[in-house]
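Asks: Kindly return the folded structure for what I paste below:
(one chain, ligands or ions: 1)
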Amino acid sequence: MSLLVVGTVAYDAIETPFGKTDKIVGGAASYIALAAKYFYNNIHLVSVIGDDFDQNFLATLKKEGINLDGLQIKKGEKSFFWSGKYHNDLNTRDTLDTQLNVLADFNPIVPENAKNAEFLMLGNLVPAVQMNVLKQMSKRPKLIVLDTMNFWMDIALSDLKENLKEIDVLTINDSEARQLSGEYSLVKAAQKIIEMGPKVLVIKKGEHGALLFNKTEVFFAPALPLEEVFDPTGAGDSFAGGFIGYLAKTKDISFENMKRAIIFGSAMASFTVEKFGTENLINLTQTNVDERVQEFVNLVQFDISLV
Ligand code: AMP
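Replies: Purely as a prediction, here's the structure:
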């Protein structure tokens, strides 16, 4: 049994009210894999980079036990680059630059030993590439989770809609849910999006937590009120990594277990935002993760007796 993670491995340049970085390592697949590995240790990564990419980071991924056989390194080409600037509330950001570089003609190749993965995380990436990966699987995974963003809704909506018909869980943020559905109410938006294909929808709301919908039920996970938030980049991906990592570990894809999984996802996101880039995710211990999850439990546990 394994977890296959597909997405960008990238360079990011980030500006927040607390500082600015030059090119640092990021990318959806980096955050997803690093978060998932706290729960599950048979992870394969499919992505593409140029030969300008940081070798130390690749060594870190390998050291963490992430299988990089599906990571293509293109000689003489540049890695995907994204740059963004956060507004003062840290919940909203503007994309300043997206340079596809190696992503422009990426032809993913799923390694033989990952084609039967039971858990597939299609991280934020060109929708046609996500579909290409899905088609290479030798059998349908037990669970397919897909993450995407407004950028792809703007330029590749029809491909994205094809993907939605094939997946189990979609994770997007609140403004993307409104864009995709054309509805302002998130409840109506969720109903419309579930009609497009996914059985379950996660709507991420930054510091206001996350909502989990299926056709008839809704569940809410808060975000932890943190003293220090430096950089929200990768929060959504770390969330997705914690979510699918926990489901893979427990092998239980029921809605009840997904309620627990979004708490673990929220816990991983909370670590990511405390520092710039992937730094905080790399150095955690299992105790750090357990204690953080306990903080979530304490935050929302209350007794009420209704008479
Ligand atoms: P998140 O903050 O969770 O939405 O993820 C941020 C990460 O997504 C960054 O590390 C970027 O490298 C990556 N990213 C930004 N734009 C795109 C895009 N259009 N496609 C794929 N990945 C992207």
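
Asks: For the ligand, what's its nearest residue on the stretch 201-307 of the chain.
Replies: Here the residue of the stretch 201-307 of the chain nearest the ligand is Gly236; by Cβ to the nearest ligand atom that distance is 3.1 Å. Any C-beta I mention is one placed from the backbone N, CA and C, and that applies to glycine too.

Asks: which bits of this structure sit near the ligand?
Replies: 8, 10, 12, 26-28, 82, 98, 124-125, 149, 151, 233-237 (Cβ under 6 Å from any ligand atom).

Asks: Of those, which qualify as buried by neighbour count?
Replies: 8, 10, 12, 26-28, 82, 124-125, 149, 233-237 (16 or more other Cβ atoms under 10 Å).

Asks: for the residues you listed, which one is nearest Gly182?
Replies: Met149 (17.2 Å; Cβ to Cβ).

Asks: who's in contact with the closest one?
Replies: Asn124, Ile172, Asn173, Glu176 (Cβ atoms under 8 Å, 6 or more residues apart in numbering).

Asks: Strands along the stretch 1-150 of the chain, start to end?
Replies: 3-6, 10-16, 19-20, 24-26, 43-50, 67-74, 81-86, 93-99, 119-122, 143-147 (DSSP state E, counting those that start in this stretch).

Asks: Return the list of strands paired to the third one, each annotated with direction.
Replies: The partner list of strand 19-20 in its sheet, established with DSSP bridges, is strand 10-16 (antiparallel).

Asks: what do you get for the last one?
Replies: Take DSSP bridges as the rule and strand 143-147 pairs in its sheet with strand 119-122 (parallel), strand 169-173 (parallel).

Asks: cool, the fourth one as well?
Replies: Here strand 24-26 is paired, per DSSP bridges, with strand 10-16 (antiparallel).

Asks: Need the contact partners of the strand it pairs with.
Replies: Under Cβ under 8 Å, 6+ apart, the answer for strand 10-16 is 20-28, 30, 53, 79-86, 90, 96-97, 230-233, 276-277.

Asks: Make a PyMOL selection of the buried ones in those.
Replies: Buried residues within the contacts of strand 10-16, by 16+ other Cβ under 10 Å, are selected in PyMOL with:
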select buried, resi 21+24+25+26+27+28+30+53+79+80+81+82+83+84+86+90+230+231+232+233+276+277
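
Asks: For Leu34, which non-adjacent residue is closest in space?
Replies: In this structure, Leu34 finds its nearest non-sequential neighbour in Leu281, 4.3 Å apart by Cβ to Cβ, 6 or more residues apart in numbering.

Asks: How about Gly234?
Replies: Tyr31 (3.9 Å).

Asks: Show me which of the contacts of Met149 is closest to the ligand.
Replies: Closest to the ligand, out of all of these and judged by Cβ to the nearest ligand atom, is Asn124, at 4.1 Å.

Asks: Touching, Gly26 and Gly234? I think so.
Replies: Yes - assessed by Cβ atoms under 8 Å, Gly26 is found in contact with Gly234 at 6.1 Å.

Asks: joint contacts of these two?
Replies: Common neighbours of Gly26 and Gly234 (Cβ under 8 Å, 6+ apart) are Gly277, Thr278.

Asks: Fine, thanks again, bye for now.
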